[in-house]
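1. model this:
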Amino acid sequence: MLKAVPARALLLTACWLFCACARQVPSTTPESPSGSAHPPESFAKLVDTIFEASFDFSPSNGTAVGLHAYDSKLEDLSRPRVEARIRELETLLARLRAVDRASLSFDDTIDAEAVESQLLAEHFELSVVRGWEHNPMLYAGLPGGAIDGLMKRDFAPKAERLRSVIARLKAVPAVFAAGKANVQTPPREFTDLALRMAKGSVGFFEGSVATWAKDAAGNDAVLQSSFLAANRAAVAAVKDYARWLETDLLPRSTGKYALGEERFLTKLRYEEMIDLPLPELLARGEANLEKDYRDFVATAKRIDARLTPAQVMARMEEDHPTAQDLIPSVRRSVEGVREFLVAKDLVTIPSEVRPRVEETPPYARSGSFASMDTPGPYETKATEAFYYVTPVEPEWDAKHQEEHLSLYNAPVVSVINIHEMWPGHYLQFLYAPRFPTKVRKLVAVGSNAEGWAHYAEQMMLDQGFGNGDPKPRLAQLSEALLRDCRYVAGIKLHTAGWTVEDAARLFREKCFQQPANAYEEARRGAYNPTYLYYTFGKLEVQRLAQDYQAAKGPGLKQFHDAFVAQGSLPLPLVRRLLLR
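-> Take a look at the predicted model:
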């Protein structure tokens, strides 16, 4: 659902793309550095150089894609290193633009456009949006994810991975020191979430990491001692960062999150290759919201015409698991979706391996209800994939816990399973080793990955999933409305002066979200401004499905197999690949 772009996604932009804030800097395309002419060079070698530089800057992403030379390193987010990365991106862009595109094959031309777009996106994020100066969440979530990436997959013996864990733990204090030095006046919404993440990370390091490390060290007392020293320092740094967030940064968190129209559209154009005027972009989202709203009302009447649509949804949400049974209930529900997919022969499933359903790690719970975490395309030994479900937080009051659990009612969970697993994110991941080029293995965008998974929800219902029961259809439409509201809210929050409360009202009134969840969704739009990519991507995949079948012949399976075989490139590029 909320944070389900695959682990390989957006690698060139590393962890920067979710960090949106306003800064009064003109959004210009970077020019070649003054006086630097770059002669043409081998495109394949340049691609290697570009990704090596990306992983040097973001080694935890190197680990995530299965390149374990980066396992002992952690991101350096100090100002000098970030500024050096900005200059490096300008040089790489100049070198890429010096490549003679006319000499490239069709496939290499597509890849060159994808790489250029993502280099531009990262340069824009670092040099113009500058979330690293405004978003304390960036620093709060990074160490936990980097450590967890070494623990959860068995790509090497535990003792070997523990040595890498120790090396990264030793670098954790520097990450938080960089955050304290770089972040000045963020929006309060960002600091609130960063504080939640930091406090959750304390328990993660003291509990999950320590327990795993004790087992990994075995009888090696020296290794265990080295871990304990590094972990103590890391925990102290996390606690210090949490104190700083609460006592120092929070009182001065008066910054604005809105990007403004120009920066918003530039971000979309670089990240997703979406290039539409704002009025047309907004009109598409509003029209789809109204269509799905009408369908939702009509479906609710089929269930119980005596109740309002909100009452029908509330009645359906009452049938949810307890906090204790949340994870087991999701585990019990997943196989039926796969069985339907196989019976209908809607797409080729290239593997029998299933993911594990687990709790979302504490460091990753900001705004996430469910997500998929898959091994990278270059991972040769570890096959573990994780379908994460976010539990209730113990500090929430009873009302908040009830609202959170209501999202996991059986009809909605069946639709989430489609999105996250079959034939959504997990199926697309299973094709990753088959993607034809390095670029298609390593570059992915939200409008493709999330658009495909969101498309899958409606497609499965249209193909008969649920046997005509209106409740799964209502759940599918509920999920569609949620994404439609994200579409509109993201635009309004960043270009029309909306507050988070304005956006929360939209989620309550048009998406039938409970107040606590409506606020979480609205707040997400503040730091994830382009989360319109769910609905926009779905609509583009639907349009491509129609055009593909008109050109190549009818049959969804043929289209689905062709689509997932291309990787998660920007959709305009996938369209050219499939319709050539």
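
2. for the host helix or strand of residue 88, list the C-alpha coordinates in CSV.
-> Residue 88 belongs to helix 79-97 when elements are defined using DSSP states H and E. Provided in CSV are the C-alpha atoms of helix 79-97 (Å, rounded to 0.1, in the frame of the first residue of the first chain):
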residue,chain,number,x,y,z
ARG,A,79,27.3,18.8,4.1
PRO,A,80,30.7,18.5,2.2
ARG,A,81,29.7,15.0,1.0
VAL,A,82,26.3,16.0,-0.2
GLU,A,83,27.7,19.1,-2.0
ALA,A,84,30.3,16.8,-3.6
ARG,A,85,27.6,14.5,-4.8
ILE,A,86,25.8,17.5,-6.4
ARG,A,87,28.9,18.3,-8.3
GLU,A,88,29.4,14.7,-9.2
LEU,A,89,25.9,14.5,-10.6
GLU,A,90,26.6,17.5,-12.8
THR,A,91,29.7,15.9,-14.2
LEU,A,92,27.9,12.6,-14.9
LEU,A,93,25.1,14.4,-16.6
ALA,A,94,27.6,16.2,-18.9
ARG,A,95,29.2,12.9,-19.7
LEU,A,96,25.9,11.2,-20.5
ARG,A,97,24.8,14.1,-22.7
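
3. how about residue 477, nearest residue that isn't a chain neighbour?
-> Closest residue to residue 477 apart from its sequence neighbours, by CB to CB, 6 or more residues apart in numbering: residue 296 at 4.3 Å. Bear in mind the C-beta positions are built from the backbone N, C-alpha and C, glycine included.

4. what's the burial count for that neighbour?
-> When counting by other CB atoms under 10 Å, one arrives at 23 neighbours for residue 296.

5. now residue 510
-> 19.

6. the helix or strand where residue 177 lies packs against which elements?
-> Under the criterion of DSSP H and E, residue 177 resides in helix 158-182. Contacts defined by 3 or more CB pairs under 8 Å, 6 or more residues apart in numbering; DSSP states H and E place helix 158-182 against helix 79-97, helix 137-151, helix 210-217, helix 221-244.

7. now do the buried residues in the next helix or strand after that helix.
-> As assigned by DSSP H and E, the chain's next helix or strand after helix 158-182 is helix 188-203. Using 16 or more other CB atoms under 10 Å as the test for burial, helix 188-203 gives 188-202.

8. closest one of those residues to residue 464?
-> Nearest to residue 464 among the buried residues of helix 188-203: residue 193, at 40.1 Å, using CB to CB.

9. so how far is residue 454 from residue 462?
-> 13 Å (CB to CB, to the nearest Å).

10. who has more neighbours, these two?
-> Set residue 462 next to residue 454 and count neighbours by other CB under 10 Å: residue 454 wins out with 30 against 11.

11. that older thread, in PDB, could you pull the C-alpha coordinates for whichever helix or strand comes after the helix holding residue 88?
-> On the C-terminal side of helix 79-97, the nearest following helix or strand under DSSP H and E is helix 106-124. The C-alpha coordinates for helix 106-124 follow below in PDB (Å, rounded to 0.1, in the frame of the first residue of the first chain):
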ATOM      1  CA  PHE A 106      16.800   1.300 -29.500                       C
ATOM      2  CA  ASP A 107      17.100  -0.400 -26.100                       C
ATOM      3  CA  ASP A 108      20.200   1.700 -25.100                       C
ATOM      4  CA  THR A 109      18.400   4.900 -26.100                       C
ATOM      5  CA  ILE A 110      15.600   4.000 -23.700                       C
ATOM      6  CA  ASP A 111      18.000   3.200 -21.000                       C
ATOM      7  CA  ALA A 112      19.900   6.500 -21.600                       C
ATOM      8  CA  GLU A 113      16.700   8.500 -21.200                       C
ATOM      9  CA  ALA A 114      15.800   6.600 -18.000                       C
ATOM     10  CA  VAL A 115      19.200   7.300 -16.500                       C
ATOM     11  CA  GLU A 116      19.300  10.900 -17.500                       C
ATOM     12  CA  SER A 117      15.900  11.500 -16.000                       C
ATOM     13  CA  GLN A 118      16.900   9.900 -12.600                       C
ATOM     14  CA  LEU A 119      20.200  11.800 -12.500                       C
ATOM     15  CA  LEU A 120      18.200  15.000 -13.000                       C
ATOM     16  CA  ALA A 121      15.800  14.000 -10.300                       C
ATOM     17  CA  GLU A 122      18.500  13.400  -7.800                       C
ATOM     18  CA  HIS A 123      20.300  16.600  -8.700                       C
ATOM     19  CA  PHE A 124      17.000  18.500  -8.300                       C
END
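
12. rounded mean pLDDT for helix 106-124, please.
-> The predicted model assigns helix 106-124 a mean pLDDT of 98.

13. buried residues, that helix. List them.
-> 108-124.

14. for it, name the packing helices and strands.
-> Helix 106-124 makes packing contacts with helix 43-57, helix 79-97, helix 261-272, helix 438-442, helix 571-579 when contacts are defined by 3+ CB pairs under 8 Å, 6+ apart.

15. what angle do it and helix 571-579 make?
-> 170 degrees (axes from the mean of the first three to the mean of the last three CA atoms, to 10 degrees).

16. distance between helix 106-124 and the chain's centre?
-> Distance of helix 106-124 from its chain centroid, counting by CA atoms, centre = their mean, to the nearest Å, is 19 Å.

17. same question, stretch 241-252
-> Relative to the chain's own centre, stretch 241-252 is displaced by 26 Å; criterion: CA atoms, centre = their mean.

18. what sits up against it?
-> Contact with stretch 241-252 is made by 136, 139-140, 176, 179-180, 183-186, 188, 191-192, 194-195, 198-199, 202, as judged by CB atoms under 8 Å, 6 or more residues apart in numbering.
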